[in-house]
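**Q** What shape does this take:
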Amino acid sequence: QVQLVESGGGLVQAGGSLRLSCAASGSIFSIKDMGWYRQAPGKQRELVATITSGGSTNYADSVKGRFTISRDNAKNTVYLQMNSLKPEDTAVYYCNAVLTPTWPVYTRTYWGQGTQVTVSS
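**A** Numbers count the residues shown, from 1 in each chain. Now for the predicted structure:
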């Protein structure tokens, strides 16, 4: 069974940095896109950043220049380096992956359980 497990969340002061990790495990045939989303209290889940298997990236305007997404294909892991954090970055951060397990051979999106990031002012 495929699982995505995030780590690296926590409490940080404004201007600080955090690095999130998300590892996909289980019987995986291939992984296409991976990404990070976040959901603040009372708000809808929103895209933060995505990265293709070839390394092409896409960022929300609100995080451009501050966050960097990367991945290690050999480890089935995606990272989110967050610098210059602001209180408005406070949210639960979720990773996702568009992947194909070895069985059933059906490509779909998988989600992690989420990790809390809190930025204090």
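**Q** all contacts plus neighbour counts: C-alpha atoms, from now on.
**A** Fine.
**Q** contacting residues around the residue most central in space within the chain?
**A** Taking Cα atoms, centre = their mean, the centroid of the chain lies closest to W36, which sits 2.8 Å from it. Taking Cα atoms under 8 Å, 6 or more residues apart in numbering, we find W36 in contact with 47-50, 80, 93-96.
**Q** how about CSV for those residues, with distance to S120, pLDDT and neighbour count added?
**A** CSV is the format used below for these (distance: Cα to Cα, whole Å; pLDDT from 0 to 100; neighbours: other Cα atoms under 10 Å):
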residue, distance to S120, pLDDT, neighbour count
L47, 22, 98, 18
V48, 20, 98, 24
A49, 22, 98, 23
T50, 26, 98, 24
L80, 19, 98, 23
Y93, 16, 98, 26
Y94, 20, 98, 25
C95, 23, 98, 30
N96, 26, 97, 24
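**Q** and the residue nearest to the centre of the chain, how far is that from V63?
**A** W36 sits at a distance of 12 Å from V63 (criterion: Cα to Cα, to the nearest Å).
**Q** between these two, what contacts are shared?
**A** Shared contacts of W36 and V63, counting by Cα under 8 Å, 6+ apart, come down to V48.
**Q** Report the beta-bridge partners for P101.
**A** Counting by DSSP bridges, P101 forms beta bridges with I28.
**Q** In contact with T100, which residues are there?
**A** Counting by Cα under 8 Å, 6+ apart, T100 has contacts 28-31, 106-108.
**Q** Highest neighbour count among these?
**A** I31 (19 neighbours; other Cα atoms under 10 Å).
**Q** Quick check: closest non-adjacent residue to that one.
**A** In this structure, I31 finds its nearest non-sequential neighbour in L99, 4.2 Å apart by Cα to Cα, 6 or more residues apart in numbering.
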